Structures are given as C-alpha cells and as structure tokens.
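>>> fold the following and give me the result.
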Amino acid sequence: MSKTLQGKFKPRNPEKYKGNPTEIYYRSSWEKLCMNYFDLREDVQSWQSEEKCIWYADPVSKKNRRYFPDFIIKYKNKDGILVTEVIEVKPYKQVVGPPQNPKRRTKSWVNEVKTYLTNQAKWKAATNWCEDRGYNFRIITEKELGLSK
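Predicted coordinates for the structure are as follows:
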C-alpha cells in the first residue's frame with residue numbers, strides 16, 4: 001500500500017457500526033476510504049471492522065492461526081436483497097503474487113512468497129467460512145478503489 005495512514009475512524013452514522021463505534025481503527029488510507037464509503041452509503045445497512053475471527057492453517061508457520069478480515073458489511077443489492085459480504089483490502093501485487101521464476105531469489109522475493117502463501121490460506125478459510133453462512137467473500141485492491149495508475 002502506498003503511504004501507510006493509520007488512525008481512529010469516527011463514523012457519522014455510529015448506529016450502523018456493529019461493534020464499539022468509538023474503537024474503530026484503520027491501518028491504511030485504503031481501509032479509511034472503505035470505512036467512509038460504508039458509513040455514508042444508504043444501501044449499506046451495517047458494517048464492522050476486524051470484529052470476526054476465522055481460523056486458518058498457516059502453511060508458512062505450520063500452525064493454526066487467527067485471521068480477522070478487514071470488514072463484514074450488510075447491504076441491499078440493486079434488487080433490494082440483503083447481502084452479507086466479508087471484505088479484505090490488499091494491494092493488487094499481493095493478490096496476484098510474486099513472479100514464479102525471478103532472475104534472483106532475494107530475501108524480499110522469499111518474503112513476498114511467504115506473504116502470498118499465508119494470504120491464500122486466509123482467503124481459502126474465509127471463502128469456506130462465508131460459503132457455510134451464505135455470505136460473499138471479496139478482495140478489494142487499489143484497482144477497485146479507483147486508485148491504480
């Protein structure tokens with residue numbers, strides 16, 4: 001993500017937030033952008049940030065770990081049907097992953113591979129968790145936010 005911007009989010013519509021609306025934190029400017037969108041959109045009925053824990057098997061550490069997706073939102077789609085969606089905000093390069101055969105296998109490349117493998121395990125667990133509940137799982141990148149060049 002570009003310059004990391006972290007802070008406390010103060011919703012204009014605290015009644016829509018499921019959790020403590022005085023304790024909402026964003027870890028990037030992209031998350032803050034999403035929070036503003038969820039807070040102000042009329043079709044978004046409720047939302048929460050990092051309130052739900054999903055267990056996953058981390059292939060890098062070989063341990064079971066907890067994953068807290070960035071957002072869970074409930075909104076009415078264009079047909080008026082209430083939809084629940086679990087959303088993760090990530091840079092596009094983490095979604096597509098590092099090159100499989102780089103010219104040099106640097107420490108940076110190894111770390112990117114580990115991050116990619118861990119994220120894939122988290123997202124698989126989140127997808128399964130969502131399917132069990134009739135929810136959607138979606139990853140939002142700078143492209144969906146309209147921030148890519």
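>>> phi, psi of the most centrally placed residue in the chain?
Among the residues of the chain, Glu88 comes closest to the average C-alpha position under C-alpha atoms, centre = their mean, at 1.3 Å. As for Glu88, its main-chain torsions (degrees, to the nearest 10) stand at phi -120, psi 130.
>>> for Arg66, same thing?
According to degrees, to the nearest 10, Arg66 has phi -100, psi 140.
>>> what residues of the lengthiest helix in the chain count as buried?
Ranked by number of residues, the top helix in the chain under DSSP state H is helix 107-133. Neighbour-count burial for helix 107-133, counted by 16 or more other C-beta atoms under 10 Å, picks out 112-113, 115-116, 118-119, 121-123, 125-127, 129-130. For the C-beta atoms, the positions are set from N, CA and C on the backbone; glycine is no exception.
>>> what of stretch 9-28?
So, applying 16+ other C-beta under 10 Å, buried residues of stretch 9-28: Phe9, Pro11, Lys16, Tyr17, Lys18, Pro21, Ile24, Tyr26, Arg27, Ser28.
>>> what does it contact?
Contact with stretch 9-28 is made by 1, 4-8, 32, 35, 38-40, 44-51, 72, 89, as judged by C-beta atoms under 8 Å, 6 or more residues apart in numbering.
>>> please name the residues that touch the residue of the chain most remote from its centre.
Distance to the chain centre peaks in the chain at Lys103, reaching 31.1 Å (criterion: C-alpha atoms, centre = their mean). Shown in contact with Lys103 (C-beta under 8 Å, 6+ apart): no residues.
>>> distance of it from Trp109?
Counting by C-beta to C-beta, to the nearest Å, the gap between Lys103 and Trp109 amounts to 10 Å.
>>> now the common contact residues for those two.
By C-beta under 8 Å, 6+ apart, no residue touches both Lys103 and Trp109.
>>> how about low-confidence regions in the protein?
1-4, 149 (pLDDT under 70).
>>> again, 80 this time
The chain contains residues with pLDDT under 80 at 1-4, 148-149.
>>> could I get the full set of helices for it?
29-40, 92-96, 107-133.
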